[in-house]
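Participant: my questions are about this predicted structure, shown below with the sequence.
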Amino acid sequence: MNNRVANLRFASLNIEPHISIERAQLLTEFYREKNISNYSIPVQRAMAFKYILENKLVVINDGELIVGERGEGPKATPVYPELCCHTIQDLELLNSRKKIKYLVSEPIKSEFQKEVMPFWQGKSMRDIIFTEMTVEWKNAYDSGVFTEFMEQRAPGHTVLDGKIYKKGFLDIINDIDHELKQLDYYNDSLAYNKQEELKAMRIAAEAIISYANRYAKKAKELAEIEEDEQRKEELYRIVEVCSHVPANAPRNFREALQAYWFVHLGVITELNTWDAFNPGRLDQHLYPFYKRELAEGTLTKDEATELLQLFWIKFNNQPAPPKVGVTAEESGTYTDFANINSGGLKADGSDGVNEVTYLVLDVIDEMRLLQPSSNIQLSKKNPERFLKRALRIVRKGWGQPSIFNADTIIEEMLLQGKSVEDARQGGASGCVETGAFGKESYILTGYFNLVKILELTLNNGFDPRTKKQIGLKTGNPEDFASYEELFAAYKKQLKYFIDIKIKGSNIIERLYAEYMPAPFLSTVIDDCIAKGIDYNNGGARYNTNYIQGVGIGSLTDSLAAIKYHVFDKATVSFAELLTALNDSFENQEELRQLLLNKAPKYGNDNDYADEIMAKAFNEFYQVVNGRKNTKGGYYRINMLPTTSHVYFGSVIGATPDGRRARQPLSEGISPVQGSDKLGPTSVIKSAARMDHTKTGGTLLNLKFTPQVLEGEEGIEKLAQLVRSYFKLGGHHIQFNVVDAKTLLEAKANPEQYRDLIVRVAGYSDYFIDLSEALQDEIIARTEHTTF
Amino acid sequence: MQVATIFNIMRYSIHDGPGIRTTVFFKGCPLSCWWCHNPESHNHKPELSFFPRKCITCGKCLSSCEAKAITLIDKQIQINYQLCNLCGKCAEVCPANALELIGDQKTVAEVMREIEKDLIFYDESGGGVTFSGGEALAQPSFLKEILRECKEKEIHTAIETSGYAKFAVLEEIAEYVDLFLYDLKLIDKDKHLKYIGVDNSLILDNLKKLAALSADIIVRIPIIPGINDDEENLKKSAELIFSLGIKEVHLLPYHQAGVEKYKRLNLEYQLSEVDTPNEEMMQALANIFRTYNLKVKIGG
């Protein structure tokens, strides 16, 4: 990388994440001082968005070519009081907590207390949501049965397609005006609502154009006083670019990146949407510009690389909005999950790998940044060179890119009823979530603790930790005459809590539709404009709600241990087992060892365990899949944890698989840490026993010692392993290439390992930033090695 | 159906032939190489292995042992190997897997079932199965039957062998073996006898005869510093390999991974204080073979 990139990268890496109060102040000012009561809520929201963009600081960092910051500079992280109004204790915690800290200066704290808090306290979405939830919901939430994504962050979970590279916002405004004219006030009872929503979208579209113009103006001011001739010229180029996009469609590679970046800033300023937002299939979008400009001689490969590198830094400058409470537990990271896809297929079904794909992979390799996250979409039609190029980066051990099965992802979408073109232009985002880019709202509603359901079943619906009867009375397990009776009771509890979760989510969904529309996001996601309906109200072409199952490995091993030892072999009675679990295996080490070592375990290509897994998985699928949400779409499942497997483990006592109380659960669809003894092919075989096409994403982690992947042969054999897993229908696989010794040293001497990045679950993170429990969990994962 | 004593079936084996493989380890070996890292492979009978670190001294093994071979002294399990009749009951009841019976009588069908589990990986990678040991040739009728079965199922087969068997055995299986990984440890007769325990003429003869059958052979030479890494031995080896028309050699650097296993099996390790040869040294040795125009790979 050149000096410009190196300097900006250095700043991005070294500036501490800190809280910015600018957005909160402007928003509060707008709602307090403007006379807006005559406007509809969507229009108010759009006006607020416009007010923020018109008044926030416009920053151009030294040497930048791609411009625009969400806050006042790199790592300045705004808060969103309309969604979650932090308390002073929250701010103090953010400033002082050991991991995932955000600096909060004293002046910011006092201004927040003086101006922001009085206005929003009691009125934020978080307050409203918790008021609306039932006692059953709250009990389940407090017990750790599930988490709730929308309690302090807005639904987002969507990714852009190629439209902004062909259309400017002036064109989008034309589309909006066209729809406004078409409204049928005589026959369509919702015509007025649509009118308000479309008006709001129009205001939001105008706002993003004027925001870009402010950047053009700022660049001009800087250019006029700039003494360095080269920089002066660069600043004038910024003026030219920002005057053109995103109002108009980009004319070249650079404008394409800048146009996207303004849209990105718009989305993450409007609301603190989950999964940041991201350009999705970036190589597909940029390739036409790249190819043409290279031929015309207006762009070189080096210039394109530099622009991409600068674009990458922009993502890294935006840490995730600060999270507190359970949400901080389930997603404890600065990463905001923008996850750029490379490769895959084109809309016509042909191989999508192109020159920009390789350029992007080079950038990932050289930049080595947490954000944006990156993945490859690997289809059987993609060349081996593509996979191997990616694996050479994977081998370096910092966890990127992750690898997805493009063919399975397409099949998942087809099974959900999407068109084949929409499916082929989609991919994966967030951690591992499948989506039709630019056309789908695929929100994650919360993690669901499958192992907690078993614990509740074993306790007849009583939660031993909160000491409350929160579940159904499905019977005392000692009275169960067979494993089937136990599993039937588990199914009842599962259904009961899924019902509670869905009811809660459907209410929360309505609250967002009603009070927190996202007119700007709606301008770029099909078919919000055509329908005249907001993104948060079902405007997208496809509306999917996911419930993310966590702990399938721990659940399977626990069920298998009960089936095997209590029923098949009768080595231990249910009563004895329950007593041991309640006593956290105190003085029961012999039994614990037996359960750990002498029971069938998932991840070993063992039919006994794998059939239990497949049944438990199918049950989860049956209970959730196809349930209706309120946006004309459906609930579906996926299997990923972020960091919730640590939190979910912390609310569960000892389990029948021999796990001690409060220890983390298995993550994703990976086996219980250390229980897979037969190597990676067995793990893959077990994991493939689940029908991945029934999900919207599964997550499989494998950990290798660096020695296994040495040399060209190491890459080749890893490629073969990946291709085999994908032949079996696997959705996603990711690798940690690091030995336990290094991790143990890093844990003991964090200062010396500041740059050690590891794969957590669907994203990478600095090892020293992880909670101690998560560090231990990663160390405990089986290390695949070979002689 | 034939049975054999098998002590391990290792999946995702990536250093014993092409692609992703499953390696089947036969128990029992007619040689006794000082550096052997698989001590559990020597004896053709099952053996009891004990991992003291895993033991929780629950004492379950004591009551299970009819031969009274196990005692608990000072909170430590002691095994009297003279009394042990290898019934395996202690290992069965040991909750911590601290006791393990190594070696199992398995039928061809049982082993095939394990091999076939990774078919998809063999297909994708050009891998297959490798029969190793111990010495696979020491259980010839089982070996022949399972090889034939593999070929019927289009599974690539390799044999990792010392070559120490009657040539008739090799001749009979050759048509079912896609690749021989043939060990060549020492050319010098006396040294061979000293460090390996047998005369090497049978091994050398078999190699020549096998090459004459146009079998696909890769010669593997473990590099044991101070024992067989001298220029004379390696030059002579290279000459022999070259003269037989064999194209490829694997040099396997000595490692100490097996030391711990000797202790668990109550066996003595004869080769202490030998270091793993470094990369530079391995490259220098590889060059000896390269001058004979042989393809050399360091490691398996």
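Facilitator: That came in fine, so what should we check first?
Participant: return the residues of chain A in contact with chain B.
Facilitator: A:589-591, A:593-594, A:597-598, A:605, A:678-682, A:685, A:708, A:713, A:716-717, A:720-721, A:723-724, A:727-728, A:784, A:786-787 (Cβ under 8 Å from any Cβ of the partner chain). Where you see a C-beta, it was placed from the backbone N, CA and C, and this is true even at glycine.
Participant: buried subset of those, written for ChimeraX?
Facilitator: Buried residues among these (16 or more other Cβ atoms under 10 Å in any protein chain shown), as a ChimeraX selection:
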select /A:589,590,591,593,594,597,598,605,678,679,680,681,682,685,708,716,717,720,721,723,724,727,728,784,786,787
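Participant: among the residues of chain A next to chain B, name the ones in strands.
Facilitator: Taking DSSP state E as the definition of strands, these contribute residue A:784.
Participant: using PDB, write out every CA atom in the helix or strand of chain B with the lowest mean pLDDT.
Facilitator: Using mean pLDDT, DSSP states H and E, the weakest-scoring helix or strand in chain B turns out to be helix B:259-264, at a mean of 83. Backbone C-alpha positions of helix B:259-264 (Å, rounded to 0.1, in the frame of the first residue of the first chain) are rendered in PDB as follows:
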ATOM      1  CA  VAL B 259       8.000 -40.800  22.900                       C
ATOM      2  CA  GLU B 260       5.000 -40.200  25.100                       C
ATOM      3  CA  LYS B 261       3.300 -43.300  23.700                       C
ATOM      4  CA  TYR B 262       6.100 -45.600  24.800                       C
ATOM      5  CA  LYS B 263       5.500 -44.500  28.400                       C
ATOM      6  CA  ARG B 264       1.800 -45.100  28.200                       C
END
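Participant: which other helices and strands contact that helix?
Facilitator: If you count contacts as 3 or more Cβ pairs under 8 Å, 6 or more residues apart in numbering or on different chains; DSSP states H and E, helix B:259-264 packs onto strand B:47-50.
Participant: can you confirm whether the strand it packs on lies near chain A?
Facilitator: No. Taking Cβ under 8 Å from any Cβ as the criterion, strand B:47-50 and chain A are apart, separated by no less than 14.6 Å.
Participant: give the next helix or strand downstream of that strand.
Facilitator: Proceeding N to C from strand B:47-50, the next assigned helix or strand is helix B:60-64, under DSSP states H and E.
Participant: neighbours of residue A:302, just the number please.
Facilitator: Residue crowding around residue A:302 was assessed by other Cβ atoms under 10 Å in any protein chain shown; the count is 9.
Participant: hang on, it in a helix?
Facilitator: Yes. Assigned with DSSP: H, G, I helix; E, B strand; the rest coil, residue A:302 falls within a helix.
Participant: where does it land on pLDDT?
Facilitator: Model confidence at residue A:302, given as pLDDT, is 98.
Participant: pull the distance from the least confident helix or strand of chain B to the chain's centre.
Facilitator: Here the centre of helix B:259-264 is set off from its chain's centre by 16 Å, with Cα atoms, centre = their mean, to the nearest Å.
Participant: report the longest strand in chain B, please.
Facilitator: Under DSSP E, chain B gives strand B:3-13 as its longest strand.
Participant: can you list the strands that that one pairs with?
Facilitator: Looking at strand B:3-13 with DSSP bridges, its partner strands are strand B:21-26 (antiparallel), strand B:104-107 (antiparallel).
Participant: contacting residues for residue A:514?
Facilitator: residue A:41 (Cβ atoms under 8 Å, 6 or more residues apart in numbering or on different chains).
Participant: okay, it and residue A:470: tell me how far apart.
Facilitator: Counting by Cβ to Cβ, to the nearest Å, the gap from residue A:514 to residue A:470 is 29 Å.
Participant: and residue A:105, how many neighbours?
Facilitator: 12.
Participant: that older thread, for the longest strand of chain B, buried residues please.
Facilitator: B:4-13.
Participant: can you tell which of the strands paired with strand B:3-13 is closest to residue A:693?
Facilitator: strand B:21-26 (28.3 Å; Cβ to Cβ).
Participant: so which residues make contact with that closest one?
Facilitator: For strand B:21-26, the external contacting residues (Cβ under 8 Å, 6+ apart) are B:4-11, B:13-14, B:16, B:38, B:41, B:111, B:114-115, B:117-118, B:122, B:127-136, B:138-139, B:143, B:146, B:158, B:160.
Participant: residues contacting residue 146?
Facilitator: Using chain A. Neighbours of residue A:146 in contact, by Cβ under 8 Å, 6+ apart: A:140, A:446-449, A:497, A:501, A:547.
Participant: chain B, not that one
Facilitator: Counted by Cβ under 8 Å, 6+ apart, residue B:146 has contacts B:2, B:24, B:108, B:111-112, B:131.
Participant: ok, it to chain A distance?
Facilitator: Between residue B:146 and chain A the distance, using Cβ to the nearest Cβ, to the nearest Å, works out to 20 Å.
Participant: just how off-centre is stretch A:233-253 within its chain?
Facilitator: Distance, centroid of stretch A:233-253 to centroid of chain: 31 Å (Cα atoms, centre = their mean).
Participant: mean confidence score for that stretch?
Facilitator: In the prediction, stretch A:233-253 has an average pLDDT of 98.
Participant: pull the residues that contact stretch A:476-491.
Facilitator: Against stretch A:476-491 from outside (Cβ under 8 Å, 6+ apart): A:453-454, A:457-458, A:460, A:474-475, A:559, A:562-563, A:566-567, A:573-575, A:578, A:615, A:619, A:623.
Participant: tell me which parts of the stretch 1-150 of chain B are close to chain A?
Facilitator: Residues of the stretch 1-150 of chain B lying near chain A (Cβ under 8 Å from any Cβ): B:10-15, B:19-20, B:37, B:56, B:58, B:60, B:95-97, B:117-118, B:120-121, B:124-125, B:127.
Participant: go with 7 Å
Facilitator: B:11-15, B:19-20, B:56, B:58, B:95-97, B:117-118, B:120-121, B:124-125 (Cβ under 7 Å from any Cβ of the partner chain).
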